[in-house]
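1. fold the following for me, if possible:
(2 chains)
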Amino acid sequence: MLKKVKSSRAVIILTLIFSIMIAGCSSNNKSNDSSVPAPSSASASPISSNGTAEDKTLTIAWPKDIGPLNPHQYAPNEFFAQGMYYEPLIDYGEGGQLVPKLAESWDISEDGKTYTFHLRKNVKFTDGSDFNADVVEKNFDTILANRDMHSWLGVISQIDKTEVVDADTYRITLKNQYYPALQEFAVVRPLRFLGAAGFPDDGNTANEIKDPVTTGPWVLTEYKKDEIAVFTRNENYWGTKPKINKLVVKVIPDPEARVLTLEKGNIDMIYGEGNISLDSFVNLRDSGKFETAVSDALASRALIVNTSSGPFSDLNVRLALQHAINKQALVDGVTNGVEKVADTIIASNFPYANVGLNPYDYSLETAKSLLDQAGWKLAGGKTIREKDGKPLQIELVYMGDDEVEKPMATAIQSDLKQIGIDLKLTGLERQLRNKRMEAADSDLIFWSTYGAPYDPHNFVSTNYEPGYGIFESQQGLPMANELHQQMKDVLLTTDETKRQEFYTSIFTTLHEQGVYLPISYLTSIAVYPKYVTGLKFPAHRDETPFDTLDIQK
Amino acid sequence: MKISTYLWKRIWMTVPVLLGASFVSFLILRLTPVDPAKAYLAVSNIRPTEEAVSAIRAQLGLNEPFWSQYAGWIWNLCRFDFGASFYSKLPVTSEFYHRLPITAALALSSLLLAILVSIPLGIASALKKNRIIDHACRLLAFLGASIPQFWLAYLLIYFLSVKLDWFPLQGADSWRNYILPSITLALSLISTYSRLLRSELLKSLDEPYVLYAKARGFGMFAILTRHVLRHAIRPVVTAAGMNLGKLFAGSVIVEQIFGMPGMGGFFLESVFHRDYPVIQGYVFIMALVFVFGNLLADLIQALLDPRLTLSNEKGGGR
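-> Here you go, the predicted model:
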């Protein structure tokens, strides 16, 4: 009898545990049910028989949640979401051309310090309020209150005062001449505009906003953190309205799962940099089921060559490196041709960067001869060159989990072995890799430029400012001081001819001194079914093409 | 000793364990060479200017001395406050609030599935030793132990979601979203539990009391359910208790592949971002789950066979 009681007690306990488990599942389901409704199907519905508007919904996959859509802050806000949602005063167009956006026009004073923006009239925020100089001032107030946080952006550090001239005119005065100011007004964050109703009570958006009130073409209508965001076309948008009326962003963290979701037809597009493996991109392209596209060069992938110590303090060794790497094989083999071979550190489609530099040819014989000249000789029976009894060993640091850097590093190792250089590969987690870079504690390290609209001016400031490891890596150059002075001067000159001369000199020195080994130009990719039309890659790295897309079934 | 006294004693013993785990995680994080302020700027893809690093360090309270930070954290913990995420600026508790139930549901459904499948498989393979069903179970155990979880996940998605359209592909919207991830996580457990149960059953079936029960005319079903199983299942209960924590902490890959916004992916990102408050909070919660899982297993053991607890408490052993 006693046994029966005990065993039934055990059964009751087990049943209770299982009930809790099931309750856990079901209560979770309930909470999900009560949340934002799921979006409509990925496909667009046909035109209704009575001629009412089409429902054109485009569904895309993104690896992360869009974030809180705070235009003045950084992570966890996703660049693409801030870029498509909020608008700048000035936009970055083809070839780096600056085009009016929320500012219809602008004047620059003769001394190059005062910028007067004539704001676009009749622009409304999504809550119906007016876009005017007062709201521009409110945005600049909170941005400048957090000036330290935004100090990476040159124009923020340069702002001396701001002024509301009248309802449609806003004036910014800089401390010094700073030519990239206009280009920097086009960046995605923090210089875009939130409607007054979106500000927290204290007016400081450093931590949060109340509501993502925008002047832009989209309105966030449904949102479930880490799962889905639905943007609906802003029917009161002042500019050309998007052709699709709904954009659904599904959060799918795993790249292979994104591909499977596209194949199943649950999403209409995969877009962006590195959102799927390059192998998957090629497989989708070759399947014939999808359209694929690759953008122009958006930024550069390169190796920073440390001239301050070790073998690369010798120019001939740096030049040998330039000749020894088969970039075409690297790009074809590792990126399946999705990235383009880079001959210069900044691609020629960037402002001031088309300076006619001659690319280094791939020539192992030239590389070997340069190493011989540098005193690194290959002794009989040995495979690694030596100088004063010391073998020619160098270290390349790469991001351990990066699916492109790792195989590229292996291929470079193989290339360098052919000319008698022993390359040691060190794969590190991102933050540890950053630490090594800041300390200039490697012979070679993978790095990529910031891209449009940040370059080339942001590239040069990254070169001359100490602390990031690039300035430190260039200390072995005999003309380092002169080069860095030119980099500072180019940002301050208002004379267009002089500016181009500075840039030509800077890019030529960097090229001739082999300070970087440019490998490839990064690109965005897009994969989509045939019914998605109108894809046009933006020139701006952080912008998206959703405004121009259409669905035609 | 009464079960309730035993339970209270065990609960109190968890306090030093949790404090120890929290202190070690707190210390290790601060010994790592990466500055969280710089990590935040790197994730934001902006240059770590001196002004920005110093502003963020001040904002995150990283300039405080170690003991002051730890004392503050413990004090807040007493008020169920894990602090605010360095990354999202939101309270860690609110970040956990919508993620923890998803991971908990996934872990518990996987464990439940593993137990429910393992018991009949274990019994069948023990009763039909070296017959076809035993060989089939052995093959399943072999597959479960050797197939990598991510590979199994992709196979299930490809065939059952993409090709056959039986299950949703991504998300955690309904109970149907949990089926494939649960199978993925449960398969390796099924292989362990079913083999464990089989071997324990075979041992127990040779015991004299089974022979005695047979002699008294009991049927095999009655012998199994009323006598043998409650002894043979004890190692499975212990393993399940230990696996509960492992399932909570180890579901990251499965959550990522199935697009489930649970704790796994969130924690992984927090590690990359050096988001101290989230990492500390997560370690604390996981320590709690591990302790609770083991406590639950011990409790079930004690209920299945009270002699264990009582005799251990008397210090004599069996």
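
2. assign B:Leu303 to helix, strand or coil.
-> Following DSSP: H, G, I helix; E, B strand; the rest coil, we place B:Leu303 in the helix state.

3. pretty sure it sits against B:Ile3.
-> Yes - counting by C-beta atoms under 8 Å, B:Leu303 touches B:Ile3, with 7.4 Å between them. In short, each C-beta sits where N, CA and C put it, glycine included.

4. may I see the buried residues of stretch A:320-333?
-> By 16 or more other C-beta atoms under 10 Å in any protein chain shown, the buried positions in stretch A:320-333 come out as A:320-327, A:330-331.

5. residues making contact with it?
-> Outside of stretch A:320-333, the residues within contact range by C-beta atoms under 8 Å, 6 or more residues apart in numbering or on different chains are A:305, A:312, A:337, A:339-342, A:360-364, A:366-368, A:370-371, A:374, A:407-408, A:411-412, A:415-416, A:418-419, A:421, A:514, A:517, A:519-520.

6. try 7 Å
-> Residues outside stretch A:320-333 that contact it (C-beta atoms under 7 Å, 6 or more residues apart in numbering or on different chains) are A:305, A:337, A:339-341, A:360-364, A:366-367, A:370-371, A:408, A:411-412, A:415-416, A:419, A:514, A:517, A:519-520.

7. return the distance of that stretch from the chain's centre.
-> Chain-centre distance of stretch A:320-333: 24 Å, with C-alpha atoms, centre = their mean, to the nearest Å.

8. could you say which helix or strand holds the residue in the stretch 201-350 of chain A positioned nearest to chain B?
-> At 3.3 Å from chain B, A:Asp226 is the closest residue in the stretch 201-350 of chain A, using C-beta to the nearest C-beta. Assessed by DSSP states H and E, A:Asp226 sits outside every helix and strand.

9. how about it, what does it touch?
-> A:65, A:251, B:261.

10. how about a cut-off of 8 Å?
-> A:Asp226 makes contact with A:65, A:251, B:98-99, B:261, B:266, according to C-beta under 8 Å, 6+ apart.

11. returning to what we had before: and B:Leu303 and B:Ile3? Which one has more around it.
-> B:Leu303 (21 against 14; other C-beta atoms under 10 Å in any protein chain shown).

12. tell me where the stretch 201-318 of chain B has helices.
-> In the stretch 201-318 of chain B, the helices defined using DSSP state H, counting those that start in this stretch lie at B:208-215, B:220-223, B:229-232, B:234-249, B:252-257, B:263-273, B:276-304, B:307-313.

13. can you list those in CSV and add distance to chain A and mean pLDDT?
-> Putting those into CSV (distance: least, C-beta to the nearest C-beta, whole Å; pLDDT from 0 to 100) gives the following:
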stretch, distance to chain A, mean pLDDT
helix B:208-215, 12, 85
helix B:220-223, 12, 82
helix B:229-232, 6, 84
helix B:234-249, 9, 88
helix B:252-257, 5, 90
helix B:263-273, 6, 89
helix B:276-304, 5, 88
helix B:307-313, 11, 57
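
14. got any ranges where chain A has weak pLDDT?
-> Within chain A, the segments meeting pLDDT under 70 span A:1-53.

15. quick revisit: report pLDDT for the closest residue in space to the residue of the stretch 201-350 of chain A closest to chain B that isn't next to it in sequence.
-> Distances taken as C-beta to C-beta, 6 or more residues apart in numbering or on different chains place B:Pro261 nearest to A:Asp226, at 3.3 Å, with adjacent residues excluded. Per-residue pLDDT puts B:Pro261 at 91.

16. B:Tyr97 is in contact with B:Pro261, correct?
-> No - B:Pro261 lies out of contact with B:Tyr97 (C-beta under 8 Å); the separation is 11.8 Å.

17. so those two - more neighbours on which side?
-> Ranked by neighbour count (other C-beta under 10 Å), B:Pro261 and B:Tyr97 place B:Pro261 first, with 21 against 12.

18. OK, contacts around that one?
-> Counting by C-beta under 8 Å, 6+ apart, B:Pro261 touches A:225-227, A:251, B:98-99, B:102, B:172, B:255.

19. give me the buried entries from the residues you listed.
-> Using 16+ other C-beta under 10 Å as the threshold, A:225-227, A:251, B:98-99, B:102, B:172, B:255 are the buried ones among the contacts of B:Pro261.

20. what values do phi and psi take at the closest residue to A:Asp489 other than its chain neighbours?
-> The shortest distance from A:Asp489 to any non-neighbouring residue, by C-beta to C-beta, 6+ apart, is to A:Phe502 (6.1 Å). Dihedral pair for A:Phe502: phi -60, psi -50, per degrees, to the nearest 10.

21. surely A:Phe502 is in contact with A:Val490?
-> Yes - A:Phe502 sits in contact with A:Val490 when judged by C-beta under 8 Å, with a separation of 3.8 Å.
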